[in-house]
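Colleague: kindly generate the corresponding structure for this input.
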Amino acid sequence: MTPPPVTPLDLEIAHALLQQCGKDDAVLLEPLTGGRNNRTFRVRGTRGTWLLKHYFHDQNQGWNRAEREWEWATFCWQCGVRWGPEPLAFDRSRHATLSEFLDGRKLDANELTERHVEQSASFVADINEHRNSPPATKIRDAAEACFSLKEHLDCVERRISRLAAVLVNDDLSQSLSDWRERELEPRWKQLVSRVKGRVTQTELEEFLPRSSRCLSPSDFGFHNALLTENDRLRFFDFEYAGWDDPAKLVCDYFLQPEVPVPLQYQSQLLHVFSDRKLWGEVERRVELLFPVFGIKWCCLLLNEFLAQDRRRREFSQTAPITESRKAEQFARARQRLASLEEFQS
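Modeller: Numbering: from 1, shown residues only. Predicted coordinates for the structure are as follows:
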């Protein structure tokens, strides 16, 4: 990835946000790589270092990333939960935030230990200790939140339908179309029948009661974490956070492809949640939904083929969508589908 260029607007937003939180200062902006949906900068001043995040926003999408992340981060800090960066200032009209700069490094998958899993589980558990507090009632549902098995199935169905709308205009898009028709959709239909065959119609459509829902950071995993001093993890990127199904959180935690978490740690993660008595039993829902979310991640890996994703990449100016990138993601999606078939067998 290449860092985004610094524009006069970026500097203007940085100065305004620093002034808003009483840290008005001469600054230097250093573009950061890694953000595919947003533009991020290290803000260096004479009195400190901060993080500026300028979010992609599509008014037709109905999802305000900056607003959602600010809402979640301020809630965490009001509750005394310090796993994420401290929120400092928010520019609602220009979709930008200023926060504490987290100094650390990303973990590789082969570095993950029980201690790291314990810390990630504690982050989720700590914030959910406040799920019945008055401020928690103001937290909105997470992105693509689902509270019934049927809603989960419908959500993935919509993802597959988006892939069906991809314009076939070259060999790669033709290969994608053929794979979707011959492999992905037949596998999906089999899976839907399997899930529906294991539950009653009432269980399929029944909504989780509020007591069984969780406050989820969403897009949760070690790809959005930094290892800081004293081997402590700090977590970031909460633009999709909100109320959700705990089973979705668990499935996504193990299925996200950037820093994959071995399934051997599933019992440890669930034990922390169970020990803290945060919500009801989720093991059966996880078992039912794990392959469902596996299919969803096949679709997510193919976002580069979608027009909406291209607009986000163009805004961030860090990860241009090339044909080689699309081919790489297509290969990962095919591999993911194959691995799900092995998992099911």
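
Colleague: give me the number of residues near Leu102?
Modeller: 15 (other Cβ atoms under 10 Å). All C-beta atoms are positioned from the backbone trio N, CA, C, and that covers glycine.

Colleague: OK, contacts around it?
Modeller: 51, 85, 226, 228, 234, 236 (Cβ atoms under 8 Å, 6 or more residues apart in numbering).

Colleague: between the residues you listed, which has the most around it?
Modeller: That'd be Pro85 among the contacts of Leu102, by other Cβ under 10 Å, with 23 neighbours.

Colleague: ok, now how distant is that residue from Ala225?
Modeller: Here Pro85 is placed at a distance of 12 Å from Ala225 (Cβ to Cβ, to the nearest Å).

Colleague: same thing with Ala145?
Modeller: 22 Å.

Colleague: neighbour count: these two, which is higher?
Modeller: More crowded of Ala145 and Ala225, by other Cβ under 10 Å: Ala225, with 24 against 18.

Colleague: show me what that one bridges to in the sheet.
Modeller: Phe235 (DSSP bridges).

Colleague: report the contact partners of it.
Modeller: Contacts of Ala225 (Cβ under 8 Å, 6+ apart): 106-107, 120, 233-236.

Colleague: and Arg42, what helix or strand is that in?
Modeller: For Arg42, the enclosing helix or strand under DSSP states H and E is strand 38-45.

Colleague: tell me the buried residues in that strand?
Modeller: Within strand 38-45, the residues scored as buried using 16 or more other Cβ atoms under 10 Å are 38-43.

Colleague: now swap in stretch 227-234 and tell me
Modeller: 227, 233-234.

Colleague: adding distance to Pro4 and pLDDT, write those residues out as TSV.
Modeller: Output for the buried residues of stretch 227-234, formatted as TSV (distance: Cβ to Cβ, whole Å; pLDDT from 0 to 100):
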residue	distance to Pro4	pLDDT
Leu227	25	97
Leu233	26	97
Arg234	23	97
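
Colleague: and those residues as TSV, adding distance to Ala338?
Modeller: What follows is these, written out as TSV (distance: Cβ to Cβ, whole Å):
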residue	distance to Ala338
Leu227	32
Leu233	31
Arg234	35
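
Colleague: now, which of these sits nearest Ser193?
Modeller: Leu233 (40.0 Å; Cβ to Cβ).

Colleague: OK, contacts around the closest residue to Glu144 other than its chain neighbours?
Modeller: Spatial nearest neighbour of Glu144, excluding adjacent residues (Cβ to Cβ, 6 or more residues apart in numbering): Cys155 at 5.6 Å. Cys155 is in contact with 144, 146, 296, counting by Cβ under 8 Å, 6+ apart.

Colleague: which PyMOL command selects the buried ones in these?
Modeller: Command for PyMOL, covering only those of these found buried under the criterion 16+ other Cβ under 10 Å:
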select buried, resi 144+146+296
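
Colleague: filter the contacts of Cys155 down to just the ones in helices.
Modeller: Lys296 (DSSP state H).

Colleague: out of the contacts of Cys155, the closest to Pro246 would be?
Modeller: Cys146 (11.6 Å).

Colleague: right, and that closest one touches Lys248 too?
Modeller: Yes. With contact defined as Cβ atoms under 8 Å, Cys146 counts as touching Lys248 (6.6 Å).

Colleague: need the overlap of contacts for those two.
Modeller: His152.

Colleague: got the contact list for Arg68?
Modeller: 140, 143, 238-242.

Colleague: figure out the helix or strand that it lives in.
Modeller: Counting by DSSP H and E, Arg68 is part of helix 65-78.

Colleague: so what's the residue count around Leu249?
Modeller: Count around Leu249 with other Cβ under 10 Å applied: 22.

Colleague: who touches it in this structure?
Modeller: 124, 214, 216, 218, 220.

Colleague: dump the residues you listed to a markdown table, plus neighbour count.
Modeller: Converted to a markdown table, those look like this (neighbours: other Cβ atoms under 10 Å):
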| residue | neighbour count |
| --- | --- |
| Val124 | 24 |
| Cys214 | 25 |
| Ser216 | 28 |
| Ser218 | 22 |
| Phe220 | 24 |
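
Colleague: any chance of a markdown table for the residues you listed, columns secondary structure and pLDDT?
Modeller: Formatted as a markdown table, these follow (DSSP: H, G, I helix; E, B strand; the rest coil; pLDDT from 0 to 100):
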| residue | secondary structure | pLDDT |
| --- | --- | --- |
| Val124 | helix | 97 |
| Cys214 | strand | 96 |
| Ser216 | strand | 98 |
| Ser218 | coil | 95 |
| Phe220 | coil | 94 |
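
Colleague: could you pull out the strands in the protein for me?
Modeller: 27-32, 38-45, 48-55, 87-91, 96-100, 214-216, 225-227, 233-235, 242-244 (DSSP state E).

Colleague: with distance to Gln61 added, can I get the ones you listed in a markdown table?
Modeller: Listed next are those as a markdown table, based on distance: least, Cβ to Cβ, whole Å:
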| stretch | distance to Gln61 |
| --- | --- |
| strand 27-32 | 24 |
| strand 38-45 | 14 |
| strand 48-55 | 12 |
| strand 87-91 | 19 |
| strand 96-100 | 17 |
| strand 214-216 | 20 |
| strand 225-227 | 26 |
| strand 233-235 | 24 |
| strand 242-244 | 16 |
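
Colleague: thanks again, I'm all set now.
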